Structure formats: structure tokens, C-alpha cells
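1. when you get a sec, could you give me coordinates for this:
(3 chains)
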Amino acid sequence: MSETTLPETAAVSIRQLSKSFDGVEVLRDVNLEVAKGEVVTILGSSGSGKSTLLRCINWLEQPDRGSIHIAGQRIGVDDAGRPMPVKTLARVRARTGMVFQSFNLWPHLNVLHNVTEAPIHVLGKSKREAEEHARALLEKVGMSHKADAYPNTLSGGQKQRVAIARALAMQPEVMLFDEPTSALDPELVGEVLAVIKDLSAEGYTMVIVTHEMAFARAVSDQVVFLEKGLIIERADPETFFTNASTERVRKFLERES
Amino acid sequence: MNTSAWHMLLEGAWTTVWISGVSIAIGVVAGLLIALIRLARIPIVDQLLVLYVSLARATPLVTLTLFIFLSAPTFGINLNRNVTGILALTLNTTAFNAEIWRSAFRNFSREQREAAMAVGMTPWITFRRIMLPQLVVTSLPGLVNEMSFLIKGSPAIAVIGIVDLTRVTNRISAVTYEPLPPILAACALYMLAIGCLVWLQRLAERRANRLAV
Amino acid sequence: MTNWQILWDARDQFWSGFLSTMEIFGLSISAAFLIGCVMLFMLEGTRPRLALPLRIFIDGMRMLPFLMLAYVLYYGLPTFGIRLNAWWAGVGALAVYHGCYFAEIFRGSRLTFPPGQIEAAKAHGFTKGKMFLRLILPQIVMQTRPLIGNQLIYALKDTAFLVIITVRELTAAANNLSGTYFIPTEAFIVVIGFYWAVSIVMEIIIKQCGRFSAKRGFDHV
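-> Purely as a prediction, here's the structure:
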């Protein structure tokens, strides 16, 4: 079976992924490999399918065809091709961390407990261990002073940094960022991007959907351009931003800059 | 009103309070269960529950209480008055509570559920740790409001001879020949109880709003 | 004879109980609506003198079980030499009690009434009464339609309480029939069916009114 011969280094491996909503194809035969430690940015105009692609990686959307492996383990479907039992699916999902456009913090828990909730109740860590780790992560994202605050008292940028700490707390194989700065006021974008940049420097594996071109250029190892559900360009950032091979990408970059 | 009249009145008040209290406790939990079953959309069961909720909301409490009290023995079931009263109040309040819980479920943020799934929570952990604590807070104002409606409906149990805070006024005036004082005193006690619930409801609303933002 | 046949033979009693309930309901709810409107009007203006006592009265009623008010009117008023029979005490209690609920519903909606409309009406020389009757009240009634519908169902259910002060209405009819023929289950199923049917009809009517006001752009159906 081809599934068993994956290169061991791939943190995420997407094969022949297709997905349609109500008969409209949003992803068409997408193939993508994300190596361990690699940062991949997915660009594309709105409606190009980039968020759907990201949400398929942790099975928040179920693709119609194709396969996705997280660090060698297939997600969503077992070896016999049947849908995974919910518990198994949850375990595989736990190996990915996701940061949402609208933060999606849990408002009934304070910042610290937002971060420790899953380590304690999913990974079964002790409260002390989880809190120690959480405090270290909050320190990393510059939010340790708000550990006792509740989400609704924070600014958007602060919320997003907590959400990043929450995802990191699961020690995921890959971090998925779904337009992490699109819901932020312009003056708050920088603080969030700075945190993500730090993570890339530390060698985290990341897949990022974004509209921030300068950021994508600075942080990526690989840039992928999605158009109507097809990957029409993939390149290292230098080539992508200065010497794209397709006309469509050049037009897109012109408009965005 | 003399001491023994006050004593009787307070006994009546206690009857109202404990019968209402038991019905509220059962009704809140049973309402949650029905809301959960309805979310599962099991055919036939779902239609039956829709029918139950619709009937329970349209049936006057007095009629329901009499119905249970008079009808149960014909099926060979012997219920004492208090159990009948609790059953009637519970059947009524459960239907309303089920709707309150259900609307809280339906309005629960899909994004928050996704965030729970994304960190690997199973549906059960998501329900227990993320949804339920918030659903309690958002449903509480509605539930407390329904509690005051239940107290306001509780005199219905007087129809089968339970000596509650309403009926006890008849007992007292049968002795004193002055109906107005016990009635006014009972009114004051009802207002006190419902006033407390209204105040609680306001507190609950404030907490719920803090969660919403 | 089956139990259902016995009930069929006693249909006149059901029918008169039903008519009696509808009569009580119709009369008291119309009066309650008027009381609600009058109370709303008395709360109009910048500093109405009656506002405080009226608000206390309304809030007090809303903290009271309906039956207690019926008790006050039926058992309590004779102390002051006012003797109402059970029927009138019941209708009066229903009217005052639900009138207060209507007033509260209207008041809630009045708080969000656009002040610009009132300024426009004043600029056009409307008097206070005309403005209330032609401008404020119709809009508030249309806006609070779903709440009014709810209140109607509560009022219908409250009519059954009157059996306790010996008013002969629908629930009393079921009670009497089940006492006479020992068929409580069937008798009460029929009566609950009546209440249910009336509630559903009222809900449908309220929905139809919804279409009417949606056409005038008041809200979305």
C-alpha cells in the first residue's frame, strides 16, 4: 500500500484531496507535503478553497476523496477505509493545533484554563504539570500577565496570542493557522505576527493561511497558491514573490501589494 | 390574625415551597434530558416529544392536576395528593424547561465546538467541559423565570385538597371569619418568594451577559 | 355503552362548559387589553404623576399567583361590603391581572420607540391623546404581537383556576362529568383537547397577524 511508504519526515502529507460543497468543487486533487520544521503558507483570493484545505487537515471538514496523514498517521478514515471512531479521530486531531480567525476561546474559562483544559482532559496530564507548561507558553506569547483574566476582557490580539498558546499546549506535530490576523484591528496585527515568526524560528511546523504578503514572504519555506481549488503555483518565497511563473499569481500580487 | 393562624399560614407556605422545590429540581433535569433527546432527532420519539411539549404548554395546571388525580386510580395506580401535585407541576414545567435548554443548545457557538474538536476533545468531553458549563449560565435566566411561573401556577394543587399557601387561607378564615387578613398575608409571602426569584433572575442575566459579549 | 358514548351523550355539558370558558376568556381578555392600553397611556409623558404607584401595582401583580387575586376579589372584597359572585370576581381578576401583564409588555416596547417619530408628530401638531392613539399604540401592539399571543395562552390557562372559586367552566364540566359517570380519563382528555385546540387556533391567528404586519415592514416573518 502506498500509504505505508510515506517519507518519515513529512509532518503533513495530503494526497489527491477533493471536496465539494453542494456540487461546487472547492478542492481538486490537491497534493501537498509539509516536512517537519517547514513553514508553508497558502495564498489565494477568497473562495479559492484555502481555508477548506486547512480545515480538512484536522478533519473539521471531511474531504470527498483523497487522504491526509499527520506524521504518518492517517486522519479521519481507518486502514480499511471506514470512518474513524470518534475517539480515535479525536486522538489524531490532538496531534494538530489550530488557530482560528475568530480566536474561538472558551469564554467561561480564564486564560490559564483555556490553555490547560485540553492537556488535562484530553492528554490526561496532571493539573500541576499542565499549568506549569501553560504558564511557560503564555510567557512565550507574552500573555503571562493575563493568566487569570477572562477572554471577553482581552483585546483581539491578546485573544489570538492566548489561542496560539492553547494550540501549542498540545505539543502538536503541526500548527494550522486559519487567517489568524484577519479579524484584528490593523494596529494589533503586528503582535500576533511577531509571535508566529518566533515560532517559525524555533522550528515549529506550520501551515498558514493568510493575506499578509510581507509576513508570508518573511516566514515561509514554501508558498502555495490556490485558485478555484487547484494549486497553480508552489515555490520558495523569493521565487514566488519576484518571479512567479503564472500570470494569475503575478496579477494577484500586484493587487495585494 | 393570632399566633395559631400565622402558624397555619407558614405551614401552608412550607407546603408550597417544598412541593414547588421538588418539581423545579426534577423539571430542570428532565427538561435537559428531553432537550438532549430531541437534539438526537430520533424518529417517532421526536414527534412524541413535540406533542408532549405542545400539550403541556396548552393544558391548564388545574386541569392537569385534576386529570392525574382522578384518572390514575382507574388505571390501578394509587398516588397520594402530594405525589400527584408534584407530578402535575413537573410535567408542566419540564415542557417549558426543555424548550429553554433546547434553544440554548441551538444557539451554542459552532466555532467554540470546533475549537474543542481541534484540540482533540471527544464529543462527550466537549459537551461536559465546554458546552454544559456555558449552557447552564445562558439558560439560567430563562429557567429562573420559569421557576417563578411554577410558583405562580402552584395554587393549582389546592384543587385536589393539598393545603398550600392559597388553600390555607380558606382554612384560617373558616375559624376567624375574617378572610382578608390571611389572604393578604399569603399574597405578601408569595410576593416575597417570587421577588427573590426575580432578583435571582437579574443576577443570572448579568452573568449570562458577561459570557456573551 | 362505552365510556366514549357516555361522553357523547353528555356533549351538551362539555359544550356549555366550553362556551362558558370562552365567554369568560373573551370578556376578560378584551378588558385586560383595554386596561393595558390605559395603563400605558397613564405612563406617557415626561414625568407622569401616576408612574410610580402604577409601576408598583404592575410589578406587584406580576409577583402574585393569579388565584390569589381571584381570592382577594371573591373572598376579600365582601369585607368592604362589595359582594361579587364567583363569575364576576373571576372575570374581574383575570382582567386586572392580565391587564398588568399587557401593560408591562407594552411598556417594554414603548422604551424602544423611536423618539424621532414623536417629535415629527408634535411638529405636525398632534395632541398627546391623538398621538398615543394613532401613532404609538398601533405600532406597539403590532410589535409586541408574539408576546401578546403568549399572554393570551396564559390567560386561557388561568381561566381554569376559577373552578377553585366554584365558577362553572370547562374544567368544572370535566370534573362534574367524571364525578357523575366515573370516567375521568375520557372526560379530561376531551377537555384538554379543547384547551389545546383553542391555543393552536390562537397561535395560528397570531402568525397570520405576523404576515399582516410584515407586509407593512414591521418585522420579518
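2. now whatever helix or strand residue C:13 lives in: buried residues?
-> Assignment of secondary structure by DSSP states H and E places residue C:13 within helix C:11-42. Of all the residues in helix C:11-42, those buried under the rule 16 or more other Cβ atoms under 10 Å in any protein chain shown are C:13-14, C:17-18, C:20-22, C:24-25, C:28-29, C:31-33, C:35-37, C:39-41. For every residue, glycine as well, the C-beta is placed using N, CA and C.
3. got it, and stretch B:121-135?
-> For stretch B:121-135, the neighbour count (16+ other Cβ under 10 Å) marks B:121-122, B:125-127, B:129-131, B:134-135 as buried.
4. mark which of those are part of helices, please.
-> Among the buried residues of stretch B:121-135, the residues falling in helices (DSSP state H) are B:125, B:134-135.
5. would you turn the residues you listed into TSV with pLDDT?
-> Written out in TSV, the entries for those read as follows (pLDDT from 0 to 100):
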residue	pLDDT
B:125	94
B:134	94
B:135	94
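6. near chain A, from the residues you listed?
-> Among these, the residues lying close to chain A (Cβ under 8 Å from any Cβ of the partner chain) are B:125, B:134.
7. would you map the helices across the stretch 51-200 of chain A?
-> Chain-ordered helices for the stretch 51-200 of chain A, with DSSP state H, counting those that start in this stretch as the definition, fall at A:86-93, A:111-121, A:127-140, A:156-168, A:186-201.
8. contacts for the third one next, please.
-> Pointing back at helix A:127-140 there. With Cβ atoms under 8 Å, 6 or more residues apart in numbering or on different chains as the test, helix A:127-140 has contacts from A:111-112, A:115-116, A:119-120, A:125, A:144, A:146-147, A:162, A:165, A:168-169, A:195, A:198.
9. name the nearest of those relative to residue C:81.
-> Using Cβ to Cβ, residue A:111 is the member of the contacts of helix A:127-140 that lies nearest residue C:81, at 69.0 Å.
10. which two in the contacts of helix A:127-140 are spaced the farthest apart?
-> Spatially, the most separated pair among the contacts of helix A:127-140 is A:120 and A:198, at 25.7 Å (Cβ to Cβ).
11. just want to know which of the two has more residues nearby.
-> residue A:120 (18 against 13; other Cβ atoms under 10 Å in any protein chain shown).
12. from chain B, how far out is that one?
-> Remark: distance between residue A:120 and chain B (Cβ to the nearest Cβ, to the nearest Å) = 9 Å.
13. residue in chain A nearest to chain C?
-> residue A:22 (24.5 Å; Cβ to the nearest Cβ).
14. show me where chain B has its helices.
-> Taking DSSP H, the helices of chain B run over residues B:3-39, B:45-58, B:61-71, B:81-106, B:110-118, B:123-125, B:132-153, B:167-176, B:180-212.
15. and those helices, which is most packed in?
-> Ranked by average neighbour count under the criterion mean count of other Cβ atoms under 10 Å in any protein chain shown, those are headed by helix B:61-71 at a mean of 25.
16. quick one: contacts for the residue of chain B found nearest chain A?
-> Using Cβ to the nearest Cβ, the single residue of chain B nearest to chain A is residue B:120, 2.6 Å away. The contact partners of residue B:120, taken as Cβ under 8 Å, 6+ apart, are A:90-95, A:118, A:122, A:170.
17. about what we covered before: could I get the helices of chain B as JSON lines with distance to residue A:11?
-> As requested, the helices of chain B are arranged in JSON lines below (distance: least, Cβ to Cβ, whole Å):
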{"stretch": "helix B:3-39", "distance to residue A:11": "37"}
{"stretch": "helix B:45-58", "distance to residue A:11": "44"}
{"stretch": "helix B:61-71", "distance to residue A:11": "62"}
{"stretch": "helix B:81-106", "distance to residue A:11": "36"}
{"stretch": "helix B:110-118", "distance to residue A:11": "16"}
{"stretch": "helix B:123-125", "distance to residue A:11": "25"}
{"stretch": "helix B:132-153", "distance to residue A:11": "33"}
{"stretch": "helix B:167-176", "distance to residue A:11": "73"}
{"stretch": "helix B:180-212", "distance to residue A:11": "36"}
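18. and of the ones you listed, who's closest to residue A:26?
-> Evaluated with Cβ to Cβ, those place helix B:110-118 nearest to residue A:26, the distance being 17.7 Å.
19. what helices or strands is that closest one leaning on?
-> In terms of contact count using 3 or more Cβ pairs under 8 Å, 6 or more residues apart in numbering or on different chains; DSSP states H and E, helix B:110-118 is assigned the packing partners helix A:86-93, strand A:96-99, helix A:156-168.
20. quick check, the last one touching chain B?
-> Spelled out, it's helix A:156-168. Yes: looking at helix A:156-168 against chain B by Cβ under 8 Å from any Cβ, the contacts come from A:163, A:166-167.
21. which of the contacts of helix A:127-140 are buried, as a PyMOL select command?
-> This is the PyMOL syntax for the buried subset of these, where burial follows 16+ other Cβ under 10 Å:
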select buried, chain A and resi 111+112+115+116+119+120+125+144+146+147+162+165+168+169+195
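22. where does chain A dip in pLDDT?
-> Applying pLDDT under 70 to chain A flags the ranges A:1-9, A:257.
23. which parts of it sit against chain C?
-> Residues of chain A lying close to chain C by Cβ under 8 Å from any Cβ: none are found.
24. and which of the contacts of residue B:120 is nearest to residue A:191?
-> Where these are concerned, and distances follow Cβ to Cβ, residue A:191 has its nearest neighbour in residue A:170, at 22.5 Å.
25. contacting residues for the closest one?
-> The contact partners of residue A:170, by Cβ under 8 Å, 6+ apart, come to A:94-95, A:97, A:118-119, A:122-123, B:119-120.
26. residue A:20 now?
-> With contacts defined as Cβ under 8 Å, 6+ apart, the neighbours of residue A:20 are A:26-27, A:64.
27. equivalent analysis for residue A:11, please.
-> Under the criterion of Cβ under 8 Å, 6+ apart, the neighbours of residue A:11 are A:34-38, A:70-71, A:173-174, A:205.
28. got these as CSV, with distance to residue B:148 and neighbour count columns?
-> Compiled in CSV, the contacts of residue A:11 are given as follows (distance: Cβ to Cβ, whole Å; neighbours: other Cβ atoms under 10 Å in any protein chain shown):
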residue, distance to residue B:148, neighbour count
A:34, 57, 24
A:35, 63, 16
A:36, 60, 15
A:37, 61, 14
A:38, 60, 21
A:70, 52, 23
A:71, 56, 19
A:173, 53, 20
A:174, 52, 23
A:205, 56, 25
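29. farthest-separated two in those residues?
-> A:37 and A:70 (15.0 Å).
30. residue closest to the middle of the chain?
-> In the absence of a named chain, this looks at chain A. Closest to where the C-alpha atoms of chain A average out (Cα atoms, centre = their mean) is residue A:176, at 0.8 Å.
31. oops, wrong one, chain C.
-> The centre of chain C sits closest to residue C:29, judged by Cα atoms, centre = their mean, with a distance of 3.7 Å.
32. do you know how far that residue is from residue A:14?
-> Spatial separation of residue C:29 from residue A:14 under the definition Cβ to Cβ, to the nearest Å is 65 Å.
33. now residue B:59
-> Following Cβ to Cβ, the distance that separates residue B:59 from residue A:14 is 58 Å.
34. mind telling me the two of the contacts of residue A:170 farthest from one another?
-> Across these, the two lying at the largest distance from each other (Cβ to Cβ) are A:95 and A:119, at 13.4 Å.
35. contacts only, for the closest residue to residue C:195 other than its chain neighbours.
-> Beyond its immediate neighbours in the sequence, the residue positioned closest to residue C:195 (Cβ to Cβ, 6 or more residues apart in numbering or on different chains) is residue B:58, lying 5.3 Å away. By Cβ under 8 Å, 6+ apart, the residues touching residue B:58 are C:153, C:157, C:192, C:195-196, C:198-200.
36. same thing but 10 Å
-> In this structure, residue B:58 makes contact with B:95, C:153, C:156-157, C:192-200, C:202-203, judged by Cβ atoms under 10 Å, 6 or more residues apart in numbering or on different chains.
37. can you point out the buried residues in the least confident helix or strand in chain C by mean pLDDT?
-> Ranked by mean pLDDT, DSSP states H and E, the weakest helix or strand in chain C is helix C:3-9, scoring a mean of 82. For helix C:3-9, burial by neighbour count (16+ other Cβ under 10 Å) applies to C:6-7.
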